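Student: I need the structure of the sequence given here:
(chains A and B)
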Amino acid sequence: MIGGLFIYNHKGEVLISRVYRDDIGRNAVDAFRVNVIHARQQVRSPVTNIARTSFFHVKRSNIWLAAVTKQNVNAAMVFEFLYKMCDVMTAYFGKISEENIKNNFVLIYELLDEILDFGYPQNSETGALKTFITQTGIKSQSKEEQSQITSQVTGQIGWRREGIKYRRNELFLDVLESVNLLMSPQGQVLSAHVSGRVVMKSYLSGMPECKFGMNDKIVIDKQGKGGATEEAAGKSDLGGSGGGGGKQSIAIDDCTFHQCVRLSKFDAERSISFIPPDGECELMRYRTTKDIILPFRVIPLVREVGRTKLEVKVVIKSNFKPSLLAQKIEVRIPTPLNTSGVQVICMKGKAKYKASENAIVWKIKRMAGMKESQISAEIELLPTNDKKKWARPPISMNFEVPFAPSGLKVRYLKVFEPKLNYSDHDVIKWVRYIGRSGIYETRC
Amino acid sequence: MPAVSKGDGMRGLAVFISDIRNCKSKEAEIKRINKELANIRSKFKGDKALDGYSKKKYVCKLLFIFLLGHDIDFGHMEAVNLLSSNKYTEKQIGYLFISVLVNSNSELIRLINNAIKNDLSSRNPTFMCLALHCIANVGSREMAEAFAGEIPRILVAGDTMDSVKQSAALCLLRLYKASPDLVLMGEWTSRVVHLLNDQHMGVVTAAISLITCLSSKNPDEFKTCVSLAVSRLSRIVSSASTDLQDYTYYFVPAPWLSCKLLRLLQCYPPPEDGAVKGRLVECLETILNKAQEPPKSKKVQHSNAKNAILFEAISLIIHYDSEPNLLVRACNQLGQFLQHRETNLRYLALESMCTLASSEFSHEAVKTHIETVINALKTERDVSVRQRAADLLYAMCDRSNAKQIVAEMLSYLETADYSIREEMVLKVAILAEKYAVDYSWYVDTILNLIRIAGDYVSEEVWYRVIQIVINRDDVQGYAAKTVFEALQAPACHENMVKVGGYILGEFGNLIAGDPRSSPLVQFNLLHSKFHLCSVPTRALLLSAYIKFINLFPETKATIQEVLRSDSQIRNSDVELQQRAVEYLKLSSIASTDVLATVLEEMPPFPERESSILAKLKKKKGPGAVSVELEDGKERGELNGGGDRGGDAAIAASNASTPSPSADLLGLRSAAPVSGATPSAGSLLVDVFSEAGPAATSAGVNDDGFLSALHAPEASDSPLVEGPGDSDSAPPTAASEDPAPPLPESDELLNKFVCKNNGVLFENQLLQIGIKSEYRQNLGRMYLFYGNKTSVQFVSFNTTVSCPGELQSQLNVQTKTVEPLVEGGAQVQQVINIECLTDFIDAPLLNIKFRYGGALQNISLKLPVTINKFFQPTEMAAADFFQRWKQLSQPQQEAQKIFKASHGMDTEVLKAKLLGLGTALLENVDPNPENYVCAGVIQTKAQQVGCLLRLEPNAQAQPGEQMYRLTLRSSKDTVSQRVCDLLAEQF
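Tutor: Reported below is the predicted structural model:
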């Protein structure tokens, strides 16, 4: 189990130090600083073992969060906790920065007391936490309300309290995906996968029972065999406008759910039913590797002219419905380490040589589907006495597209609230698809 | 050096550095550096010329980036360009960049060397200094190749500025240290020495470092520096503190220079010239006097400087080791420091005293401080100082204070730091052994040692106790009694159990008379510890049990019961199980006679270097000063060992080389090789392995011996084969002919007719010990060459040759020895000998080596005589006389009548006749005064039977006692030779 938790700033100064177990000594704080933060060689592994003590760290901008343990813990659990911890802190005071952490010093210790007990993670649901850990204090609440909190937090549905009332029952669904790609110079896909999240923001009264459906291949196939009922038709208002078009169902490699989802039901009939927490929650996370729609294709052309010159031409092609618009497109073309000057010509957007990053950065604000654009650059090189050849790092890309590259579609989300008299039709539902680039690289 | 004006400061560089320092994160820093690098690259692109200032600025930035830990792969050319600038600051930056960044295999090295050459030949002293500093900083081989000839010229040129001379001297020193082979000695060396007379103290200081380094390699070339150094030193020492102005440091005149001068003098022996020596002694006295004066300043720097000179002077006094007066004064001075409140001073004082203690002049003076040192050992807070105190106690120990020191060390051991315990234990063990007046004290001490610090007592220590107890009859009873009492403690250390098991197993019978320590009581006591011990100890105890069966037949039933129990006979450990099974069978099957033979008392151990001392040496590491000094001390004791009486035997056993006095203890016990005693003569260290069944062990020894003999022939190790091959010896030896054998070598040869082990030869430098064993017509000889000096022998080479017809009679094979013998070390050489047919002459052993440059050439006769190949033959009287008559032809008999040169002690005579290798036949001759022997000489070609009769006339007056020696053998030459050999022995 987690023995302690430290938060450092970029200089390695300790901002927060909370030790849960006696086996973690004072020197553990310094050990991490010396061996990881100030290490001569950049430490790339998120888990570091120093003197039989394991340090798990995540970095948020300039802030290091490190969980320490001497036991053989489940590393995935520790990281899950650390990410959750980041979420909780963000929910409380916004961006995680040195200043914010210093300003919310007491709050963070209070949170740490609550979400981790003797090193075992506890309730980390922001909504629930906010009911009893507040920055203003909980004076205003009456005795009943306080006892209610206790029964809710310790009860079966810890993530939602009773008696919520909204005049307008509303529901927002975001399908957020990041697509990762590594492509050979010839255009062959070497590896590609999509990791996605379904984030739900609900403003629903009472204790609504929800049911969520998507074009999961297993479900679709089962229904196809079973002769399909009313659900097969789908809801037109929820239908996504995917770029890929024709694909009917997708194969999900693996997925995880929010704690509110009834896993037993998912295991038995693969249906996703749950009582959602009030406000925002991440309903599920998934990963797909098959039939990914690659929104952009990068075609590089690098030519070395003698020892002192390099010619680079890069073409990008958008590969989705012409009616859709991709945004925030950025292509990063690495330059050799002995570059002494660069001339760039591009038809669209802006391109600039950024010496500090050793790359040409080409930015395009918007681009419709089924288009192509081109950049060409002349790079001057300084002859060096080093005979090492340039390693030619891959060209990377960033973008945002309004569809899910995995092809996932939300088929329905039904809400039942038997006690209060509003039906599924009264709920206003919104669905949004956003596909972003993860590590999207093409070798050149 | 021209001052850097404000305008020369580089703003761009300052901005860049402050940018980097302000970076919030590593990533930001890298970004900033990448940006700067791109900027510099675009500036260095080459399409526009840069002025010197910006070139310097960018090169500086690159240097800074490099020092931050980033790779720099350009800008070298620009830096080289800067070298040819005429501005000091630009040149300086160029040199800085090059000394930091240019690696030796760069293509630019030619350009750089050219620039340096230009600067060296310029008349501008600052440029010359810059160039010299660069050469010294890079210090690569290439640099040395290019400039090793040039720099000495600059150094000794008359018109060179002082500052350049300083730099040149230090630069040359650096090059010499890096690649000594490239700095050639020449006529400049003599002129370098005269730099000691330079007006400028800085030049002298720099030059003296160089001279010290050079003269440690070639002392002869720089001999003249001694008198110069002495006069320089005396001028400094006698000067008032204000005379030297810039070179006076906190009222001490030129402390660094003084220290260096004293250190230089330590490279040489005391000056022979009386005047110089007198002056030096005067200087040293002045330094010692000054230490007594009240300090001129309370500042710590003042006393540090003063003490530095003082300690250096004391080292010099110790190095000379010839001025008793000075040595004693130094010792008294150090004695004062022993109580100083400064820890460092106490440490240094103890350390220096350690070396002083080994000098014969100051040994007594050091001993007067014993109380202080013991006090330091007990109360000192710093462990390193305590360690030194322990070292000093060890060094100052001699016969007079051994008991006190050992007792103090023992009592300190109880509270000693863990880090020094093992060393302390070894030291106590060595001292106890070395200065043991009576062995009961020794046994007590070691048993105490095991009791107090059992965990730190290494195997060697208790092996040694057992070796000594076995070799000394007079302590055996006492040892048995003591261990028996020690074992009665409820908890005793495993090492104690081992010693106890071994000693009771051997000598338990000596105390069995006392009802309190009756055999059964002894056994029960030992067995009560059995289950608490580790496997090796249990194995040892099992051997002790079987010995008990032999010693005390009444315990047989009990012990057999123990051996038969499941925990022994079915023990999961193979060794224990095997021992249990074999011992059980042995005890039940073998008759008491067989048992008595098999389980005979262990034969005395052959004498050898104390394993403890070897261990201590190993622990300290080779080349440790203190060890060498200790060695030296022991040797000193050995050489002057005559007046120390019988105890020299123990001292000798400690020495690293066998010595004549070793006979007292060792050779008396070196039993002749015979089949009856299973393992006599073999060098078994592990006492356990001797406990195995005797028959097998003898067999193994036999086979091992023979196979080992043949092994060298098959192996491809370089062998110097016999006589004809002496040309194949290393070429260094070929140039010098072997010296003729020493006149006394025949005498030496006779010494070894009746014994196999001992010291063959000894002089001031070298000691040669011999250990040999023979079996049938084969022999193996171990030669031990001991370097008695503290200087290493180089080109050490030995050859064995067989002159004349001996070539066809003996086959001698030697293994070559290492050409380097460290000071105080001992090397071993194995010689295998095969006797082809009978012979008269002895092979020649030639040893050549260089000691301090002088070639030593020694020839000796190897003590290989025909009688070594005797096989004893037992026979009854009738047999003997029948054979005697068969050999009745006149040429088969050789007879000699000669005067007895020694007394006619029966035992001595018997021992000699046995040592000859023949069997001594009792009850054969009708006259019991006469001695009759028989043996067969084994050669490869034939076997020669040999009968011997020695008739003394014991009744005659001493001085007129005569012997008649008659030899009959089947071969006339053999009779004659053996007769000649033997006649010299009585």
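Student: distance of B:Leu845 from chain A?
Tutor: Separation of B:Leu845 from chain A (CB to the nearest CB, to the nearest Å): 60 Å. No exception for glycine: its C-beta is placed from N, CA and C like everyone else's.
Student: following the helix or strand containing that residue, which helix or strand comes up?
Tutor: In this assignment (DSSP states H and E), B:Leu845 forms part of strand B:844-851. Following strand B:844-851 in sequence order, the next helix or strand is strand B:854-861 (DSSP H and E).
Student: quick one: the next helix or strand after that following strand to chain centroid distance?
Tutor: Downstream of strand B:854-861, the first helix or strand assigned by DSSP H and E is strand B:870-872. Centroid displacement of strand B:870-872 relative to its chain, using CA atoms, centre = their mean, to the nearest Å, is 39 Å.
Student: just stretch B:183-203 next, same as before
Tutor: How far stretch B:183-203 lies from its chain's middle: 37 Å, per CA atoms, centre = their mean.
Student: sort out which residues of that stretch are buried, please.
Tutor: B:Val183, B:Trp188, B:Thr189, B:Val192, B:Val193, B:Leu195, B:Leu196, B:Asp198, B:His200, B:Met201, B:Gly202, B:Val203 (16 or more other CB atoms under 10 Å in any protein chain shown).
Student: and the residue sitting nearest the centre point of chain B, its phi and psi?
Tutor: Central residue of chain B (CA atoms, centre = their mean): B:Ala825, 4.2 Å from the mean position. Note on B:Ala825: its backbone torsions stand at phi -90, psi 170 [degrees, to the nearest 10].
Student: on that earlier part again, which pair in the buried residues of stretch B:183-203 spans the largest distance?
Tutor: Maximum pairwise distance in those, criterion CB to CB, is 24.9 Å, between B:Val183 and B:Met201.
Student: helices or strands up against the helix or strand hosting B:Ala28?
Tutor: Following DSSP H and E, one finds B:Ala28 within helix B:26-43. Judged by 3 or more CB pairs under 8 Å, 6 or more residues apart in numbering or on different chains; DSSP states H and E, the packing partners of helix B:26-43 are strand A:339-346, helix B:11-22, helix B:52-67.
Student: 10 Å - rerun?
Tutor: In terms of contacts (3 or more CB pairs under 10 Å, 6 or more residues apart in numbering or on different chains; DSSP states H and E), helix B:26-43 is packed against strand A:339-346, strand A:350-354, strand A:372-381, helix B:11-22, helix B:52-67.
Student: which among those is found nearest to A:Arg18?
Tutor: Taking those one by one with CB to CB, helix B:11-22 is closest: 31.5 Å.
Student: can you list the neighbours in contact with the closest one?
Tutor: For helix B:11-22, contacts defined as CB atoms under 10 Å, 6 or more residues apart in numbering or on different chains pick out B:10, B:28-29, B:32-33, B:35-36, B:39, B:53-54, B:56-61, B:63-65, B:68.
Student: just stretch B:81-89 next, same as before
Tutor: Identification of contacts with stretch B:81-89 by CB under 10 Å, 6+ apart yields B:1-5, B:8-10, B:50, B:52-53, B:55-56, B:59-60, B:90-98, B:111-112, B:114-116, B:118-119, B:122, B:124, B:126-127, B:130-131, B:134.
Student: can you check stretch B:560-574 too?
Tutor: B:523, B:527, B:530-531, B:535-536, B:538-539, B:542, B:545-546, B:549, B:555, B:576-588.
Student: if we go to 6 Å?
Tutor: Applying CB atoms under 6 Å, 6 or more residues apart in numbering or on different chains, the contact partners of stretch B:560-574 are B:Val535, B:Gln577, B:Ala580, B:Val581, B:Tyr583, B:Leu584, B:Ser587.
Student: start to end distance for it?
Tutor: When the termini of stretch B:560-574 are compared using CA to CA, to the nearest Å, they are 19 Å apart.
Student: swap in stretch B:834-843?
Tutor: Using CA to CA, the two ends of stretch B:834-843 sit 12 Å apart.
Student: now render the helices and strands packed on helix B:26-43 as a markdown table, adding distance to A:Ile428, mean neighbour count and mean pLDDT.
Tutor: Shown next, in a markdown table, are the helices and strands packed on helix B:26-43 (distance: least, CB to CB, whole Å; neighbours: other CB atoms under 10 Å in any protein chain shown; pLDDT from 0 to 100):
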| stretch | distance to A:Ile428 | mean neighbour count | mean pLDDT |
| --- | --- | --- | --- |
| strand A:339-346 | 44 | 18 | 90 |
| strand A:350-354 | 40 | 16 | 92 |
| strand A:372-381 | 39 | 18 | 92 |
| helix B:11-22 | 52 | 13 | 91 |
| helix B:52-67 | 60 | 20 | 90 |
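Student: ok, the residue in the stretch 201-350 of chain A that chain B sits nearest to to B:Pro536 distance?
Tutor: With CB to the nearest CB, the shortest gap between the stretch 201-350 of chain A and chain B falls at A:Ser340, namely 4.0 Å. Going from A:Ser340 to B:Pro536 by CB to CB, to the nearest Å gives 74 Å.
Student: same question, A:Ser54
Tutor: 41 Å.
Student: swap in A:Ile157?
Tutor: Counting by CB to CB, the gap from A:Ile157 to B:Pro536 is 69 Å.
Student: repeat for A:Pro185
Tutor: Applying CB to CB to A:Pro185 and B:Pro536 gives a distance of 69 Å.
Student: check B:Gln578 too.
Tutor: 14 Å.
Student: residue contacts, the residue of chain B at minimum distance from chain A?
Tutor: Per CB to the nearest CB, B:Ala38 is where chain B lies closest to chain A, at 3.2 Å. Going by CB under 6 Å, 6+ apart, B:Ala38 touches A:Ala355.
Student: domain ranges for chain A, per the record?
Tutor: In terms of domains, chain A is parsed into A:2-130, A:168-222+A:247-290+A:403-440, A:294-399 (source: the TED database).
Student: which bits of chain A sit near chain B?
Tutor: A:His10, A:Asn62, A:Ser340, A:Gly341, A:Ala355, A:Ser356, A:Asn358, A:Leu382, A:Thr384, A:Asp386 (CB under 6 Å from any CB of the partner chain).
Student: can you tell me, leaving aside adjacent residues, what's nearest to the fourth one?
Tutor: Excluding its sequence neighbours, the residue lying closest to A:Gly341 (CB to CB, 6 or more residues apart in numbering or on different chains) is A:Glu380, at 4.1 Å.
Student: isn't the one you found right up against A:Gln343?
Tutor: No. In this structure A:Glu380 lies outside contact range of A:Gln343 using CB atoms under 6 Å: 8.2 Å.
Student: mean confidence for the helix holding B:Ala28?
Tutor: The pLDDT scores in helix B:26-43 average 89.
Student: do stretch B:482-489 as well
Tutor: For stretch B:482-489, the per-residue pLDDT averages 84.
Student: what residues sit buried inside that stretch?
Tutor: Neighbour counts using 16+ other CB under 10 Å place B:Thr482, B:Val483, B:Phe484, B:Ala486, B:Leu487 of stretch B:482-489 among the buried residues.
Student: render the CA-only coordinates of that stretch in CSV, please.
Tutor: What follows is stretch B:482-489, C-alpha atoms only, in CSV (Å, rounded to 0.1, in the frame of the first residue of the first chain):
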residue,chain,number,x,y,z
THR,B,482,43.8,-25.0,29.3
VAL,B,483,41.5,-25.8,26.4
PHE,B,484,39.7,-28.3,28.6
GLU,B,485,39.1,-25.5,31.1
ALA,B,486,38.2,-23.0,28.4
LEU,B,487,35.7,-25.4,27.0
GLN,B,488,33.9,-25.7,30.3
ALA,B,489,32.5,-22.2,29.8
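Student: run through who's touching that stretch.
Tutor: B:Val443, B:Leu447, B:Met496, B:Val499, B:Gly500, B:Ile503, B:Ser517, B:Leu525.
Student: please redo it, this time with the cut-off set to 8 Å
Tutor: By CB atoms under 8 Å, 6 or more residues apart in numbering or on different chains, the residues outside stretch B:482-489 that reach it are B:440, B:443-444, B:447, B:451, B:492, B:496-497, B:499-500, B:503-504, B:511, B:517, B:522, B:525-526, B:529.
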